[in-house]
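Colleague: Okay, here's the prediction I keep looking at, along with the sequence it came from:
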Amino acid sequence: MAEDATQAPGTLDCLACGACCHGDEGWVPVNREDDARVASTPALARHVVLLRRGEYAKRSLRMVDGACSALARDGGPTRCTIYEDRPSLCRALEVGSPGCLSARRAHGL
């Protein structure tokens with residue numbers, strides 16, 4: 001059974017959710033503060049792509065079928081395969097925050 005989005009933050013499990021891991025290409029930017037982590041973590045680096053639109057370029061996590069490519073959706077529990085090494089934007093989204101709860105509601109959790 002899905003957790004109710006009104007639950008206390010301590011009862012929500014980021015590793016079992018994945019709601020915030022869905023979006024369009026470029027949804028999860030990889031910033032300069034993430035450079036050392038990307039350089040030292042091959043598991044993270046393989047999910048980082050460079051997006052170019054005209055002269056504008058940015059790095060982000062690759063999206064596949066509307067979800068982050070690091071999100072395991074192989075029939076088992078949804079889980080982030082790079083959770084310990086995730087980019088700063090993922091780290092900044094706190095469990096139970098308005099952004100978290102909004103993503104959960106959008107995915108029926």
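Modeller: Cool, the structure landed.
Colleague: okay, CA-based contacts and neighbour counts for the rest of this
Modeller: OK.
Colleague: tell me which element residue 59 falls in.
Modeller: In this assignment (DSSP states H and E), residue 59 forms part of strand 56-61.
Colleague: Can you dump the C-alpha atoms of that strand in PDB for me?
Modeller: In PDB, the C-alpha atoms belonging to strand 56-61 read as follows (Å, rounded to 0.1, in the frame of the first residue of the first chain):
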ATOM      1  CA  TYR A  56      23.200  27.200 -23.900                       C
ATOM      2  CA  ALA A  57      24.600  24.000 -22.300                       C
ATOM      3  CA  LYS A  58      24.000  22.300 -18.900                       C
ATOM      4  CA  ARG A  59      24.700  19.000 -17.300                       C
ATOM      5  CA  SER A  60      21.900  16.900 -15.800                       C
ATOM      6  CA  LEU A  61      21.000  13.400 -15.000                       C
END
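Colleague: Determine the set of other helices and strands touching that strand.
Modeller: Other helices and strands packing on strand 56-61, by 3 or more CA pairs under 8 Å, 6 or more residues apart in numbering; DSSP states H and E, are strand 48-53.
Colleague: Report all helices and strands that the strand it packs on contacts.
Modeller: Helices and strands touching strand 48-53, by 3+ CA pairs under 8 Å, 6+ apart, are strand 56-61.
Colleague: mean confidence score for the strand it packs on?
Modeller: Averaging pLDDT along strand 56-61 gives 90.
Colleague: quick one, that strand and strand 48-53 angle?
Modeller: 150 degrees (axes from the mean of the first three to the mean of the last three CA atoms, to 10 degrees).
Colleague: what does strand 56-61 rub up against?
Modeller: Under the contact criterion CA atoms under 8 Å, 6 or more residues apart in numbering, strand 56-61 has outside partners 25-31, 47-52, 68-69.
Colleague: Lovely, talk soon.
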